[in-house]
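> My questions are about this predicted structure, shown below with the sequence.
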Amino acid sequence: MPTLVGQTIRDIAFDEKRQIKMTYWPERWEAAPDWRFDWADLKFPPDEGEPVPDAPGVYIFALKPKVFDFLSIGVLYVGKATSLRSRIREYIRLIDSDFTEVPRPHIWMMVNLFNGHLRYCFTTTESVARAEEVESEMQKALNPYFCKARPAEISARVRAFTN
């Protein structure tokens, strides 16, 4: 891709999209269930051969800049999968793919704009139904930017202040 002073055309076209609004809501964190999970934490995209189970589970994408040896600084996405391995492969295929041909452009945006600075964290669940339950509670508590589904309470407040 051609560059202009170190930036690609895509960087310039999507520069404004890097400015994301993170919403931190301590009351929602305190109201969330006190569930404990054994999270695996991989860089994204993972090294070839990294073990990702072919099992149902919940995953997050967290932003982790490669500066100052930071911990992750924000959850960008929470999702569920019937197969965590299949799901991560779907996301890997989005890297450098054609934006106009993807079914979920917001996910394409996330993996391409922050490629190399993402963590893929996951935990397995005993069933898809349990993964759906955990995903729902995590989305309510964390309100990740790239999740399109929002709890009704959050959607109502957002509409009240944006209309």
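Thanks, I have the structure now. Remember, predicted model here, so these are calculated numbers, not experimental data.

> low pLDDT regions in this structure?
Within the chain, the segments meeting pLDDT under 70 span 1-19, 72, 149-163.

> List of residues touching the helix of greatest length in the chain?
Ranked by residue count and defined by DSSP state H, the top helix of the chain is helix 128-142. The set of residues external to helix 128-142 that reach it, using CB atoms under 8 Å, 6 or more residues apart in numbering, is 25, 28-29, 31-33, 35, 37, 56-58, 60, 75, 78-82, 123, 125, 147, 149-151, 154. All C-beta atoms are positioned from the backbone trio N, CA, C, and that covers glycine.

> Mind checking which of these are buried?
28, 56-58, 60, 75, 78-81, 123, 125, 147 (16 or more other CB atoms under 10 Å).

> Outside of stretch 26-36 itself, list whatever touches it.
Val134, Glu137, Met138, Lys140, Ala141, Leu142, Asn143.

> can you give me how far stretch 88-97 is from the chain middle?
Averaging C-alpha positions (CA atoms, centre = their mean, to the nearest Å) puts stretch 88-97 13 Å from its chain's average.

> Which positions in it come out as buried?
In stretch 88-97, counting by 16+ other CB under 10 Å, buried: Ile88, Tyr91, Leu94.

> Can you show me the helices along this structure?
Under DSSP H, the chain gives helices at 9-13, 26-31, 84-94, 105-113, 128-142, 152-162.

> Would you reformat those as JSON lines and include distance to Val67?
Below are the helices of the chain laid out as JSON lines (distance: least, CB to CB, whole Å):
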{"stretch": "helix 9-13", "distance to Val67": "18"}
{"stretch": "helix 26-31", "distance to Val67": "26"}
{"stretch": "helix 84-94", "distance to Val67": "24"}
{"stretch": "helix 105-113", "distance to Val67": "17"}
{"stretch": "helix 128-142", "distance to Val67": "23"}
{"stretch": "helix 152-162", "distance to Val67": "31"}
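
> Go through these and name the closest to Pro46.
With CB to CB, the closest approach to Pro46 among the helices of the chain belongs to helix 84-94: 7.1 Å.

> list the contacts for the most centrally placed residue in the chain?
The structure's the chain has its C-alpha centroid closest to Tyr77; by CA atoms, centre = their mean the separation is 2.5 Å. For Tyr77, the contact set (CB under 8 Å, 6+ apart) comprises Ile60, Phe61, Ile107, Met110, Pro144, Tyr145, Phe146, Cys147.
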